[in-house]
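Novice: generate coordinates for the sequence data below:
(chains A and B)
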Amino acid sequence: MNAVVEEHHDHDHKPTGIGRWLFSTNHKDIGSMYLWFAFTMFFIGGALALLIRAELFQPGMQIVEPEFFNQLTTLHGLIMVFGVIMPAFVGLANWQLPMMIGAPDMALPRMNNWSFWLLPGAFGMLLASLVMSIMGLGSAPNFGWTFYAPLSTTYGPDSTDYFIFSVHLMGISSVMGAINVIATIMNLRAPGMTYMKMPIFVWTWFITAYLLIAVMPVLAGVVTMMLTDRNFGTSFFDAAGGGDPVMFQHVFWFFGHPEVYIMILPAFGIVSSIVPTFSRKPLFGYSSMVYATASIAFLSFIVWAHHMFTVGMPVAGELFFMYSTMLIAIPTGVKVFNWISTMWRGALTFETPMLFAIAFIFLFTMGGFTGLMLCIAPADFQYHDTYFVVAHFHYVLVTGAAFSIMAAVYFWLPKWTGNMYDEKLGKLHFWLTTISANVLFFPMHFVGLAGMPRRIPDYALQFAEFNQIASVGAFVFGFSQLIFLYVVIKCVRGGEKATDKVWEGAQGLEFDLPSPAPFHSYTTPPEVK
Amino acid sequence: MRAVTRPLGLVCLLLASSPALAEYRLNLEPGVTVTSQNAYDIHQIVMWICVVIGIVVYGVMTYSILTHTKAKGHKPATFDDNLTIEILWTVIPILILIGMAIPATSALLDMEDVSDSDMSIKVTGYQWKWHYDYVGEDVSFFSNLSTPMEQIKNQEAKGENYLLEVDNKIVVPTGKKVRFLFTSSDVIHAWWVPAFGVKKDAIPGFINESWARVDEPGIYRGQCAELCGANHGFMPIVVEAKSEEDYLAWLNEKKSAQAAAAESGNKTWTMDELMAHGEAAYNTSCAACHQVGGEGLPNVFPGLIGSAIVTGDVAKHIDVVINGVAGTGMQAFGPQLNDADLAAIITYERNAWGNNSGDMVQPSDVKAAR
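Specialist: Just a heads-up that it's a prediction; the model follows:
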């Protein structure tokens, strides 16, 4: 089959210069742009986080004003969620889906171009408000990434309208990306690849794409209601005009909860690809993995109000959302057990992608445990809006989602570039990242349980020790990522040549292609038995 | 720049961290009410279940990582399915979850039962202070952060209750079921006292309720738990539980103090009295935004030094303070402060920080303008 591909190599005319990127309709180039965009945003969002941790290093106000502190937390959250995790997953989908299903490219290449190029505009606008704030021309969004009304409507700064437009653009970009993923998976699978033969990464992205299409319009709806409340005299969220600020939270979290699974389901797919490779053993329970993913996606629509136990719901509502949330533990548990069973009695080796995947299983499970604790409503009254919650979602989003992305980059980078990355530096990056992430986030459990609210720029003295430790961890974590950047650049520029199979235990159509993979992937569909 | 140099000093500072810092805690506190005890018990149950599951899961995984390696020459098995074990690890978690749900449900039903309360206190969130109204007692007051700005700005040593101290704490009688009613005058706040296990959102236009019966006399501290703007971190809650006798004495004292304050609005004040009272009242009610030195925060909160309103027409100035400015952070202070406080604040603003207009505003002027 390689011969078939070789024959088509001559047709790899890549446009040159800036036009190659601006007008690209190629899934690999667009995937690379997504990934570099996410990487850039990762450093910007990370720099904001380091400012936050520097201010919280000790009690008292040292570096920033409380008002600016709120802008930092808001933009840190928005950038990391919408500018890092989501685009990075879309970048991985762009690179991998066509190769994994034996297709030449994504189904809708021009739309692919547009959905990427909306993002720099959206984030340019969002970051412009931060730059203007630093220049003293007004405040950037300062109401938290959850932008609860009326803090973001009646009391929002002028830049809120920038923020709303920016969210609209991100939403359009995500929905188009999701349509493309669905169209590609439905139409471009190689002959013989039935749905239940698709690689698990393809399955998780397939389901994620449906979640995106279902909930991004809800987000667009809620920011549109904000827009009209702010500028056109409506009162959706203003009690004085007959509206309801709590409705904002219901609509927001109806988007927000599926959104957190949008940020974790592709991670499950990545880990399910990496663990079997380095265990040299097939994935345990393929079909239960698929059903578990679908169950999690379904449950994500009926659990949203567990984010809002303190808003004063009727007790029947609190019970419903507590029970439905507890159910999520079951399919999530199935996944963790399946990964461990995949490793069980395998022949394990520990290259960097496997290290990140194992750390993912350990630490994501930590986040799962605290998630289970948080869903217990009577205890949640004590945890809600404290650092315990901050610890929880950083365990699932940093040591969960972000770790899976790092694992994926190390795993597929040799296929993308044709070169092996520097394994020594990769391992160094892994150990520094994993240890510092725990130094950073584990103490947050303690200060949260001890009663430290989140989103405060200054704190009482009994929280000081653990905040210092967390800040130290934050700086080590942040600077360790420069190693990652160096490893990636070094690998793109050269290095030991990767084989077509890359990894001894590698399975899947992408590893049948040569390394680096040809510009148009599978121009002739392979036969899947 | 300080942000850049900071990491270099991190480790040294950590090693030298002050022993004077208050004692830290690792876990939730059991608290002093049935509600907080319930929350603590269910927290302990679920946490320990998670620890046990964690030991099993991580144990199996660690064993596999250590034993089933290529380095040790382990040959990979080929199984990818086992129906029995898959059913087991679906059913066992379901049973564990049911085991958690039962105590959680009964705790929740108990917590949400506000019936048969002995008294009610209405709590209103403001940016950035709390207002308490003892329903039916004609006692109401604001409670502001009392930590001096110098401590926050690191110009003097921080006190024991740094950021957790207020000028007017609320007092509740021990052994009584106190119902709290929560609402807000602006954005959403959340009233949280960890020792009571009570955290409820205060939402503009809506009323939430919760309750606490405190049996142990003592002082309990908490904070706002919902992001409510710039000074969200600076609106603490302090509750003192006293025996019923002491509580009633406090209530009477509050009533007479409020009567005296109302009376003070009828006399004519001297410039010195107005300035002295004005400085104190300004620092409590205005300095959070306009700053102690009146300089404000550029582009966020206007400065008052030489400002058009503060140095211009007195009637306009009184109007802005009483009625606020719609669509901005400037609240209507008319309903919040009495005539004497308002007169003193306005006089202070017109004469402090080099504004030296010489204007004097009497409580009677404010009363006339209301």
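Novice: rest of the way, CA atoms for contacts and neighbours
Specialist: OK.
Novice: low-confidence bits of the chain, can you list those?
Specialist: Let's take chain A. Within chain A, the ranges that satisfy pLDDT under 70 run A:1-13.
Novice: my question was about chain B
Specialist: B:1-24, B:327.
Novice: backbone dihedrals for the residue nearest to residue A:345 when sequence neighbours are not counted, please?
Specialist: Distances taken as C-alpha to C-alpha, 6 or more residues apart in numbering or on different chains place residue B:68 nearest to residue A:345, at 5.3 Å, with adjacent residues excluded. When read as degrees, to the nearest 10, the backbone of residue B:68 gives phi -90, psi 60.
Novice: please apply the same query to residue B:175.
Specialist: The phi/psi pair for residue B:175 (degrees, to the nearest 10) reads phi 70, psi 0.
Novice: got the contact list for it?
Specialist: Residue B:175 makes contact with B:213-215, according to C-alpha atoms under 8 Å, 6 or more residues apart in numbering or on different chains.
Novice: go with 10 Å
Specialist: Neighbour list for residue B:175: B:118, B:212-217, B:241-244 [criterion: C-alpha atoms under 10 Å, 6 or more residues apart in numbering or on different chains].
Novice: could you list the domains of chain B?
Specialist: Per automatic domain parsing, the domain ranges recorded for chain B read B:34-111, B:119-262, B:267-369.
Novice: now do the same end-to-end measure for the longest one.
Specialist: Put plainly, it is domain B:119-262. The first and final residues of domain B:119-262 sit 25 Å from each other (C-alpha to C-alpha, to the nearest Å).
Novice: returning to what we had before: can you list the contacts of residue B:175 in a markdown table and add distance to chain A, secondary structure and neighbour count?
Specialist: Shown next, in a markdown table, are the contacts of residue B:175 (distance: C-alpha to the nearest C-alpha, whole Å; DSSP: H, G, I helix; E, B strand; the rest coil; neighbours: other C-alpha atoms under 10 Å in any protein chain shown):
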| residue | distance to chain A | secondary structure | neighbour count |
| --- | --- | --- | --- |
| B:118 | 21 | coil | 12 |
| B:212 | 14 | strand | 24 |
| B:213 | 17 | strand | 21 |
| B:214 | 17 | coil | 23 |
| B:215 | 20 | coil | 17 |
| B:216 | 20 | coil | 15 |
| B:217 | 21 | coil | 15 |
| B:241 | 20 | strand | 21 |
| B:242 | 23 | strand | 21 |
| B:243 | 27 | coil | 18 |
| B:244 | 28 | helix | 14 |
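Novice: coming back round to it: tally of neighbours for the residue nearest to residue A:345?
Specialist: Applying other C-alpha atoms under 10 Å in any protein chain shown, we find 23 residues neighbouring residue B:68.
Novice: I'd say it and residue A:347 touch.
Specialist: Yes - applying C-alpha atoms under 10 Å as the test, residue B:68 and residue A:347 come out as touching, 5.5 Å apart.
Novice: so what sits against both of the two?
Specialist: With C-alpha under 10 Å, 6+ apart as the test, residue B:68 and residue A:347 both reach A:279, B:74-77.
Novice: most neighbours among the residues you listed, please name it.
Specialist: Result: residue A:279 is most packed of the shared contacts of residue B:68 and residue A:347 (other C-alpha under 10 Å), 27 neighbours.
Novice: residue A:507 is in contact with that residue, correct?
Specialist: No - contact criterion C-alpha under 10 Å: residue A:279 and residue A:507 do not qualify, at 11.7 Å.
Novice: which of the shared contacts of residue B:68 and residue A:347 fall within helices?
Specialist: Secondary structure from DSSP state H places residue A:279 of the shared contacts of residue B:68 and residue A:347 in helices.
Novice: could you single out the nearest of the shared contacts of residue B:68 and residue A:347 to residue B:150?
Specialist: Ranked by distance to residue B:150 (C-alpha to C-alpha), those are led by residue A:279 at 59.7 Å.
Novice: what sits against the closest residue to residue A:307 other than its chain neighbours?
Specialist: In this structure, residue A:307 finds its nearest non-sequential neighbour in residue A:253, 7.3 Å apart by C-alpha to C-alpha, 6+ apart. Neighbour list for residue A:253: A:146, A:215, A:218-219, A:247, A:259-260, A:301, A:303-308 [criterion: C-alpha under 10 Å, 6+ apart].
Novice: now for the longest helix seen in chain B, which elements pack on it?
Specialist: Longest helix in chain B by number of residues (criterion: DSSP H): helix B:34-67. Secondary-structure packing of helix B:34-67 (3 or more C-alpha pairs under 10 Å, 6 or more residues apart in numbering or on different chains; DSSP states H and E): helix A:329-343, helix A:352-375, helix A:377-383, helix B:83-111, strand B:198-202, strand B:208-213.
Novice: between the ones you listed, which one is nearest to residue B:57?
Specialist: Distance to residue B:57, taken as C-alpha to C-alpha, is lowest for helix A:329-343 among these, at 7.9 Å.
Novice: what comes up buried for that closest one?
Specialist: In terms of neighbour count (16 or more other C-alpha atoms under 10 Å in any protein chain shown), helix A:329-343 has its buried residues at A:329-343.
Novice: how about the strands in the chain?
Specialist: Chain wasn't specified; assuming chain A. In chain A, no segments count as strands under DSSP state E.
Novice: you answered for a different chain; I wanted chain B.
Specialist: Using DSSP E, strands in chain B cover B:119-126, B:129-134, B:139-143, B:170-173, B:177-184, B:189-193, B:198-202, B:208-213, B:218-224, B:236-242.
Novice: just list what the fifth one packs against, helices and strands only.
Specialist: For strand B:177-184, the elements it packs on are strand B:119-126, strand B:129-134, strand B:189-193, strand B:198-202, strand B:208-213, judged by 3+ C-alpha pairs under 10 Å, 6+ apart.
Novice: mind putting the ones you listed into TSV with distance to residue A:371?
Specialist: Formatted as TSV, the helices and strands packed on strand B:177-184 follow (distance: least, C-alpha to C-alpha, whole Å):
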stretch	distance to residue A:371
strand B:119-126	29
strand B:129-134	31
strand B:189-193	21
strand B:198-202	19
strand B:208-213	25
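Novice: burial check on residue B:178, number of neighbours?
Specialist: Residues near residue B:178, counting by other C-alpha under 10 Å: 21.
Novice: so residue A:393 sits right up against residue A:385, yeah?
Specialist: No - taking contacts as C-alpha under 10 Å, residue A:393 lies outside contact range of residue A:385: 11.6 Å.
Novice: more crowded one of the two?
Specialist: residue A:385 (25 against 20).
Novice: so how far is stretch B:141-157 from its chain's centroid?
Specialist: 14 Å (C-alpha atoms, centre = their mean, to the nearest Å).
Novice: can you give me the first-to-last residue distance of it?
Specialist: Rule used - C-alpha to C-alpha; the end-to-end distance of stretch B:141-157 is 29 Å.
Novice: repeat for stretch B:67-86
Specialist: End residues of stretch B:67-86 are separated by 23 Å (C-alpha to C-alpha).
Novice: run through who's touching it.
Specialist: Contacting residues not belonging to stretch B:67-86 are listed as A:278-288, A:334, A:337-338, A:341-350, B:61-62, B:66, B:91 [C-alpha under 10 Å, 6+ apart].
Novice: mark which of the residues you listed are buried, thanks.
Specialist: Using 16+ other C-alpha under 10 Å, the buried members of these are A:278-286, A:288, A:334, A:337-338, A:341-350, B:61.
Novice: who touches residue A:244 in this structure?
Specialist: Residues in contact with residue A:244 (C-alpha under 10 Å, 6+ apart) are A:149-150, A:235-238, B:203-206.
Novice: count the neighbours of residue B:254 for me.
Specialist: For residue B:254, using other C-alpha under 10 Å, the count is 16.
Novice: ok, it to residue B:138 distance?
Specialist: Distance, residue B:254 to residue B:138, using C-alpha to C-alpha: 10 Å.
Novice: check residue B:38 too.
Specialist: 34 Å.
Novice: can you tell me the closest non-neighbouring residue to residue A:69?
Specialist: Nearest residue to residue A:69 in three dimensions, chain neighbours excluded: residue A:457, at 6.2 Å (C-alpha to C-alpha, 6+ apart).
Novice: angles on the backbone of that neighbour, please.
Specialist: phi -80, psi -10.
Novice: cool, residue A:349 as well?
Specialist: For residue A:349, the backbone dihedrals (degrees, to the nearest 10) come out as phi -130, psi 160.
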